[in-house]
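Asker: Here is my input, please return the structure:
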Amino acid sequence: MLNPGWFLNELDHHRIGCITGVPCSYISGLYSMLEDGTRPYFPATSEGEAVAMAAGAWLAGSRGLVLAQNSGLGNMVNPLSSLTQPFEIPVILGVSRRGWPAGTDEPQHALMGQITPDLLRLLDIQTDNLAADPATAARQLAYAADRCDERLSTAFVLEKGVMDNAVPSCEVVEPEPLPRATVRVLRGGPRPTRAQVLDSWLALGISRPTVATTGYTSRELYGLDDRDNHFYLVGSMGCASALGAGLAITGLPVTVLDGDGALLMRMGSLATLARHVRTPFLHVVLDNGRHESTGGQRTNSGGVDFAAAALACGYRAAWRCDGREAVAAALREAVAYQDGCVLVHCLVRPGVESKPPRPKDRLPDLALRFRNHVTDHFATRLRLLAGRSKEPAEGGSDGYSIRP
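Answerer: Numbering: from 1, shown residues only. Sure, this is the predicted structure:
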């Protein structure tokens, strides 16, 4: 049986800078220690969101561990198959095996308990049971860390009893909530196209890490101006904001260019972002009410107030914009916020004049280009967050002061 404190020390040794996931009673002692606030632990609202956060942490130069029970594997399949695998972004998974041995758990876990290792291997992830012996487990964790350097993911199946749960719960002290803002409504000019909103963002000239959601948003951003600080999601619909969260929790300023249909898929990410992100984080929602790249079918966004939802989840500020001049003004105001998440909800015209181009580079090359840009241009911030430097930082190329 592994002591959770020993396990966490091993994670520190292997530079795991982001631990995220959704709890399971099989390893409750580990979660109790994580919640004492001394570790880089960022609970997610879903297991798929956690995978995207861990991917974002790797893109920021760190390593990510996702903890989940196997009942959440269904939520993880999409980002594991359409984000981490095609981009060759390594993550380490710790998946508890509910429903195994057969007949020892509730009926809803029976099928997943049977197929857990096979499902992980089917996703092309090397999978093994985490040993209850510390010496063996240490070798397994070292091997998984080495595989991260080779851009390969590893999964550990956590059998019941592998972790000592006799750990007292700690008191979790949450920060006092900030005063709730009100939505700022701006109107001015004709309703813009998606490309015009993207152009307004590019015109600000702020070179911070920028994540664009899948579909035409990524493709139009690529067609307008392909930059090293752009990450183009080509799948994993709904995961852009969570991937941005993984970047932001390492200390980076981030912009996420999201879509109405994509955000609706993982609205829980609003709460995750508001709770964990303290760096400048601009969340732009381009709302045309359509699934544009699949033929223009309607989304369910017609009655959704994304700006009010963001504020309800704890965002610092939010704008609702109708008109090209209104969008430009809101973006200028939003980038002035230095601490935490803000959201700009942009109403945009549906339709495109012509289909935008797809990125020509291999996806693994695009991921490495982005990672190299981030670690080169924000090295001081990342060193401070990792505790390797105590020197005060100067202003960065993102136009914001860098604070640990």
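
Asker: residue contacts, the most far-flung residue of the chain relative to its centre?
Answerer: The outermost residue of the chain relative to its centre, with distances by C-alpha atoms, centre = their mean, is G103 at 35.6 Å. Taking C-beta atoms under 8 Å, 6 or more residues apart in numbering, we find G103 in contact with A110. Every C-beta, even on glycine, is put in place using the N, C-alpha and C of the backbone.

Asker: how would you label it: helix, strand or coil?
Answerer: Secondary structure state of G103, per DSSP: H, G, I helix; E, B strand; the rest coil, is coil.

Asker: Where does pLDDT dip in the protein?
Answerer: 169-170, 172-173, 379-404 (pLDDT under 70).

Asker: one more time with 80, if that's ok
Answerer: Scanning the chain for pLDDT under 80 picks out 167-180, 379-404.

Asker: Can you give me the buried ones in stretch 194-209?
Answerer: For stretch 194-209, the neighbour count (16 or more other C-beta atoms under 10 Å) marks 194-201, 204, 206-209 as buried.

Asker: same check, this time on stretch 14-27
Answerer: Buried, per 16+ other C-beta under 10 Å, within stretch 14-27: 14, 16-24, 26-27.

Asker: what's the domain layout of this structure?
Answerer: 4-158, 184-347 (automatic domain parsing).

Asker: Could you identify which of these is most buried?
Answerer: Mean neighbours per residue, mean count of other C-beta atoms under 10 Å, is largest over the domains of the chain for domain 184-347, with a mean of 22.

Asker: where does the residue farthest from the centre of the chain sit relative to E159, distance-wise?
Answerer: From G103 across to E159, the span is 15 Å (C-beta to C-beta, to the nearest Å).

Asker: Next: G5.
Answerer: For G5, the distance to E159 equals 20 Å [C-beta to C-beta].

Asker: for I115, same thing?
Answerer: 15 Å.

Asker: Can you lay out the buried residues of stretch 14-27 as a markdown table showing secondary structure and distance to D376?
Answerer: As requested, these are exported to a markdown table (DSSP: H, G, I helix; E, B strand; the rest coil; distance: C-beta to C-beta, whole Å):
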| residue | secondary structure | distance to D376 |
| --- | --- | --- |
| H14 | coil | 23 |
| I16 | coil | 22 |
| G17 | coil | 18 |
| C18 | strand | 20 |
| I19 | strand | 26 |
| T20 | strand | 25 |
| G21 | strand | 30 |
| V22 | coil | 34 |
| P23 | coil | 36 |
| C24 | coil | 38 |
| Y26 | helix | 41 |
| I27 | helix | 37 |
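
Asker: Which member of the residues you listed is positioned nearest F231?
Answerer: The closest of those to F231 turns out to be C18 (C-beta to C-beta; 16.3 Å).

Asker: Now the closest one: closest residue in space, sequence neighbours ignored.
Answerer: A57 (3.5 Å; C-beta to C-beta, 6 or more residues apart in numbering).

Asker: Would you map the helices across the stretch 151-300 of the chain?
Answerer: 194-203, 216-224, 240-248, 260-265, 269-276 (DSSP state H, counting those that start in this stretch).

Asker: Any idea which of these gets closest to V374?
Answerer: Closest among the helices of the stretch 151-300 of the chain, using C-beta to C-beta: helix 240-248, at 7.4 Å.

Asker: by how many degrees do the closest one and helix 216-224 diverge?
Answerer: With axes from the mean of the first three to the mean of the last three C-alpha atoms, to 10 degrees defining the directions, helix 240-248 sits at 60 degrees from helix 216-224.

Asker: Ramachandran coordinates for L368?
Answerer: Backbone torsions for L368, taken as degrees, to the nearest 10, come to phi -70, psi -40.
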